[in-house]
Every structure is written in C-alpha cells, then in structure tokens.
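**Q** just the structure for this:
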Amino acid sequence: LDGKFQDPIKLQGVDALLELKGPSLADIFYLTAIPLPPTPEYTLEGQLTKSGEEWAYRDFKGRVGRSDLAGNLAYDLSGERGFLTADLHSDVLAAADLGGFIGLDVGADEQADTESTKVIPDVPLARERLLATDLDVRLNAKKIEAPNLPFKGLDVRFYLRDGLLKLDPLNLVLADGRIEGEIDIDANPQIPPMKMNLQLRKLNLSQFFEGTRFEATTRGLFGGKVSLAGQGESLADVLATSNGDLTLIMSGGEISLLLIEAADLDIGQALPLYFGKDKSTRIHCGVMDFRVTDGMLASDVVALDTSDSLLV
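**A** Numbering: from 1, shown residues only. Sure, this is the predicted structure:
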C-alpha cells in the first residue's frame, strides 16, 4: 500500500496505490464478505479510494492464474448489506481460472483438474457466501482458453440481491455459434432451486464429432433452446432433478452416411462403409424435441430427413 489516509483512524480520505497478492480471490471473503469464487494465485494492482462508506478499486489490472484481469469495482457499505459493483474484462481468460464462476473445482493442483472424469460440475454451491452480500458484476472475456471445449468468448452479468443470483445476460461465444440466455439461482432454501433458459444459435455439428471417424463427413449448423428447472447444491444435482424442455432444429448440412445406414438398420449398406471409406449424405432438415422429467430425457419428436433416408 502506498498513498494517503486523511483520517487513518476512521479510514476516510483514502487515496493509495494498492497491490494485492494471494493464493485465491475467494479468501477476500473473510475480510470483505464479497463472495468471489475460488481461483488460482493472483496479483492485482490499482488505485484504492474511500469516500463516505464506499470503497473503490479503480483501473486495476493484473493476473489470475494464466489469465489477465482488469477493470473497476466499488463496494458500498452504507446499507445493511454490502453492495459490490464491478466491470471486469480480460483479453485472454483460461477456463481453469474461470471455473469457480460456473461451479468447477479450481484447486492448486492443475493436473488434477485436467484428469477429472466429471463431465458436469458437482462442486457444492457456497450458499452462506451468496447470502452475505449483494453484487452487480459484469465480466467480459475476448478469448477463452479451454482445452477440449469450444469456448471462444464470454459476456455475463452476475446480479445478486438478497440471496437471489441471476446470470443475465449470459452470452457464450463458441468456436462456431453462441449460447445466450439467463440462469436464476435462489440461495435462500437449504437446497437451492435453479432455472435456466438458453438459446442455441448456429452451433456447428462437426465440433460434436471432433476426434471421431465421423468428423470429416459431418457438417452444418443447428440451433435450439433449453428450458430447465431443478434444485440441488451443484449443477450436477440440479440437472439430475430438472424438468423442462430441450429442442434442436437443423436445416441443411451433411452427415456421415454410415451413421444414417446404421441408424436405419440397413446393415447391407452400412458394412461396406464401415470397412471402407465413409461418405456424406445431405441433410434436408432435422428436428429433435425432448421433454425432461426428473433429469430423464424422453423424445416427443425425432426426425432427420437426408438424401439417403428419412429417420423418424
């Protein structure tokens, strides 16, 4: 800390350069009650000021793990509960550093994270932290480094008031396409309920076959929507109890002829493709509509019309 304190006893008239270092931003909770997520080691530097009951940390910049982070924040203590406002941005954000925002377990052992077999985060929600203060935080990342995940960019607003957390807007930019929508979490009940409404726009079909023999013969764009509501202490728990709908729609593109022949149980045509060279068949249109009940998906409609076959 390097600067001026006009009244060091009452901590008024503060204007100082403040450098922060530590093993995790989550530890700031014990000093401020700000419910920041767990992160790797961080170093931040910016201008700390205090006017009345409001602390501000202006034009700060630094690193969190392998990610750069910059922005402005203010913390108002004039009410019964603290209120944090922040505008954060990053040029390159590593998904391993961001994981705490979306329920991933960010530990000191990075190798342990990469070897995790969990597809859906099952890290419990820190309810007591969400109930301790209020906040309005905007996070924008131009580029996201996420091995094995097609994330490209992120723009999300976290709004927390009286234990009700809303992610709105939530914009995830993928390698091809984007996911937009909102997520609501109520931390007041012992088992928090969660609702999500997401729009899938222009997602690339081939990225879901990456690393398989079907990648070269499958292409095209699809969209859809996800509307789910469930409850639990982690995202895995929420999805396991969720109810709602999931719809996918596609027009145009190509898909592996082997997949179509096998799905159509045309073994006579599938075997030569399996042992020989696969081909593509054109997709005219596709619709998949599922209802979700207690975490189980059951199809109301599945239809895929291709130049080779019509699957219903």
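
**Q** what ranges do the helices span in the chain?
**A** Applying DSSP state H to the chain gives helices spanning 29-32, 95-98, 110-114, 127-130, 235-240, 257-263, 267-275.

**Q** which one of these has the poorest average confidence?
**A** Of all those, helix 110-114 carries the lowest average pLDDT, namely a mean of 41.

**Q** beta partners of residue 139?
**A** On the basis of DSSP bridges, residue 139 is bridged to residue 88, residue 156.

**Q** so it makes contact with residue 167?
**A** No - contact criterion Cβ atoms under 8 Å: residue 139 and residue 167 do not qualify, at 10.0 Å. Placement of C-beta: from N, CA and C, glycine included.

**Q** which neighbours do those two share?
**A** 156-158 (Cβ atoms under 8 Å, 6 or more residues apart in numbering).

**Q** low-scoring stretches of this protein, by residue?
**A** Where the chain drops to pLDDT under 70, the residues are 98-123, 148-149, 260-261, 263-276.

**Q** in the lengthiest strand in it, which residues are buried?
**A** The longest strand of the chain (DSSP state E) is strand 280-293. Buried residues in strand 280-293, counted by 16 or more other Cβ atoms under 10 Å: 280-281, 283, 286-288, 290, 292.

**Q** from these, which is closest to residue 86?
**A** Nearest to residue 86, judged by Cβ to Cβ, of those is residue 292 at 34.4 Å.

**Q** ok, the closest one to residue 140 distance?
**A** Counting by Cβ to Cβ, to the nearest Å, the separation of residue 292 from residue 140 is 31 Å.

**Q** could you measure from residue 179 over to residue 131?
**A** 28 Å.

**Q** now do residue 188
**A** 7 Å.

**Q** and the residue nearest to residue 166 when sequence neighbours are not counted, what does it touch?
**A** Using Cβ to Cβ, 6 or more residues apart in numbering and skipping the chain neighbours, the partner closest in space to residue 166 is residue 159 (4.7 Å). Residues near residue 159 by Cβ under 8 Å, 6+ apart: 135-137, 165-168.

**Q** one more time with 7 Å, if that's ok
**A** Listed by Cβ atoms under 7 Å, 6 or more residues apart in numbering, the contact set of residue 159 reads 136, 166, 168.

**Q** from what I can see the last one touches residue 157, true?
**A** Yes - taking contact to mean Cβ atoms under 7 Å, the distance of 6.1 Å between residue 168 and residue 157 places them in contact.

**Q** between these two, tell me which one has more neighbours.
**A** Neighbour comparison, residue 168 and residue 157: the larger count goes to residue 157, with 17 against 13 (by other Cβ atoms under 10 Å).

**Q** neighbours of the closest residue to that one other than its chain neighbours, how many?
**A** Using Cβ to Cβ, 6+ apart and skipping the chain neighbours, the partner closest in space to residue 157 is residue 138 (4.9 Å). The local packing of residue 138 (other Cβ under 10 Å) involves 16 other residues.

**Q** which residues does the closest residue to residue 180 other than its chain neighbours contact?
**A** In space, not counting the residues next to it along the chain, residue 180 is nearest to residue 199; the distance is 4.8 Å by Cβ to Cβ, 6+ apart. By Cβ under 7 Å, 6+ apart, residue 199 lies in contact with 180-181, 225.

**Q** got TSV for those residues, with distance to residue 172 and neighbour count too?
**A** Below are those laid out as TSV (distance: Cβ to Cβ, whole Å; neighbours: other Cβ atoms under 10 Å):
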residue	distance to residue 172	neighbour count
180	8	15
181	9	18
225	14	16
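
**Q** what about those, which are in strands?
**A** 180-181, 225.

**Q** could those go into TSV alongside distance to residue 124?
**A** Formatted as TSV, these follow (distance: Cβ to Cβ, whole Å):
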residue	distance to residue 124
180	27
181	24
225	28
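
**Q** closest to residue 233 out of those?
**A** Using Cβ to Cβ, the ones in strands among the contacts of residue 199 come closest to residue 233 at residue 181, 22.1 Å.

**Q** which residues touch the residue nearest to the closest one when sequence neighbours are not counted?
**A** Leaving aside its sequence neighbours, residue 181 sits nearest to residue 198 (Cβ to Cβ, 6+ apart; 3.7 Å). Contact partners of residue 198, counting by Cβ under 7 Å, 6+ apart, are 179, 181, 225-226.

**Q** for residue 286, see how far away residue 310 is.
**A** Distance, residue 310 to residue 286, by Cβ to Cβ: 11 Å.

**Q** my read: residue 155 touches residue 172, true?
**A** No - between residue 155 and residue 172 there is no contact under Cβ under 7 Å: 8.4 Å.

**Q** who's more crowded, these two?
**A** residue 172 (20 against 17).
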